[in-house]
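# Sharing a model prediction with you, sequence too.
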Amino acid sequence: MIPMTLAEIADAVGGRLEPADAGAVLVDGPVVSDSRQADRRSLYVARIGEFADGHDFAPNAAAAGAVATLGSRAIDGMPTVVVDDVATAFANAIITPYSRSVYLIGGDESHRRRQGDV
């Protein structure tokens, strides 16, 4: 993942931070929804499925190195970006870092411009 702070992630997904002062926490590891795949400085996505509630596995993700959770409720002892719709926020968390560098490509080098330059 392209490094982002929790404040940037919360802004990108329309969420709120719990605790509110966790905005400076840096996420530069993978975004995962399986706590067994959590790694150093990753973002754990707590999804609620048919048979399990991902929020219950957030402590396991933290023990594996995850620095924060994206979920529908706050996790005690772990910074959380709280959202209403975890699936949509999950998609936005993955797409947002890459959408910052959109390029318009023309016929040759003279036509390449960053989106912000156009």
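In hand now; what should we look at? Keep in mind it's a predicted model, so treat the numbers as computed, not measured.
# all strands for the protein, in order.
4-5, 16-18, 26-27, 31-32, 43-45, 68-71, 80-82, 103-104, 113-114 (DSSP state E).
# Output those strands as CSV; include the columns mean neighbour count and distance to Asp53.
No exception for glycine: its C-beta is placed from N, CA and C like everyone else's. CSV is the format used below for the strands of the chain (neighbours: other CB atoms under 10 Å; distance: least, CB to CB, whole Å):
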stretch, mean neighbour count, distance to Asp53
strand 4-5, 18, 26
strand 16-18, 18, 17
strand 26-27, 20, 22
strand 31-32, 18, 16
strand 43-45, 29, 13
strand 68-71, 27, 9
strand 80-82, 25, 14
strand 103-104, 10, 40
strand 113-114, 12, 42
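# Now render the ones you listed as JSON lines, adding mean pLDDT and distance to Phe57.
Shown next, in JSON lines, are the strands of the chain (pLDDT from 0 to 100; distance: least, CB to CB, whole Å):
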{"stretch": "strand 4-5", "mean pLDDT": "91", "distance to Phe57": "22"}
{"stretch": "strand 16-18", "mean pLDDT": "96", "distance to Phe57": "18"}
{"stretch": "strand 26-27", "mean pLDDT": "94", "distance to Phe57": "18"}
{"stretch": "strand 31-32", "mean pLDDT": "90", "distance to Phe57": "11"}
{"stretch": "strand 43-45", "mean pLDDT": "94", "distance to Phe57": "8"}
{"stretch": "strand 68-71", "mean pLDDT": "96", "distance to Phe57": "10"}
{"stretch": "strand 80-82", "mean pLDDT": "97", "distance to Phe57": "13"}
{"stretch": "strand 103-104", "mean pLDDT": "48", "distance to Phe57": "38"}
{"stretch": "strand 113-114", "mean pLDDT": "51", "distance to Phe57": "40"}
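# Verify the stated contact: Val32 with Arg47.
No. Here Val32 lies out of contact with Arg47, judged by CB atoms under 8 Å, at a distance of 10.7 Å.
# Where does pLDDT dip in the chain?
For the chain, applying pLDDT under 70 flags the ranges 1, 95-118.
# again, 80 this time
Applying pLDDT under 80 to the chain picks out residues 1-2, 92-118.
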